[in-house]
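Enquirer: this one's structure only:
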């Protein structure tokens with residue numbers, strides 16, 4: 001039965017530029033959500049964790065923070081994205097890691113974007 005539960009988990013790849021503030025914050029926000037498995041990565045060459053073909057193939061959904069991240073993914077990974085939903089949040093690089101305003105924005109927006117129920121506060 002535990003294998004069936006794991007198979008139902010949605011794998012989410014959060015993507016920002018350098019994977020230092022926004023995408024790791026999103027990964028932390030959803031860490032306790034039982035219906036999700038999340039990883040964060042960045043599109044920049046100096047990203048702490050760089051987006052790779054393996055990560056793109058792993059993801060069921062990719063959540064990009066800005067349109068430029070989606071464009072970079074499309075240019076770099078084109079065909080690998082064919083069956084993967086890519087969502088753009090439109091959240092600029094104005095936040096520090098786990099900034100309370102960013103955390104609250106993500107808690108409000110991610111459940112509907114990902115089609116999952118949030119954890120109760």
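Expert: Perfect, I can see it now. The structure displayed is predicted, hence computed values, not measured ones.

Enquirer: for residue 107, see how far away the residue positioned nearest the centre of the chain is.
Expert: By CA atoms, centre = their mean, the chain has its centre lying nearest to residue 14, at 1.8 Å. Applying CB to CB, to the nearest Å, the value for residue 14 to residue 107 is 14 Å. In short, each C-beta sits where N, CA and C put it, glycine included.

Enquirer: in contact with residue 80, which residues are there?
Expert: By CB atoms under 8 Å, 6 or more residues apart in numbering, the contact set of residue 80 is 53, 56, 57.

Enquirer: contact partners for the second one?
Expert: Counting by CB under 8 Å, 6+ apart, residue 56 makes contact with 13, 62, 73, 77, 80, 81, 84.

Enquirer: ok, it to residue 64 distance?
Expert: Residue 56 is 12 Å from residue 64, by CB to CB.

Enquirer: what is in contact with the two at once?
Expert: With CB under 8 Å, 6+ apart, residue 56 and residue 64 have common neighbours residue 73.

Enquirer: tell me the secondary structure at residue 63.
Expert: When classified by DSSP: H, G, I helix; E, B strand; the rest coil, residue 63 comes out as strand.
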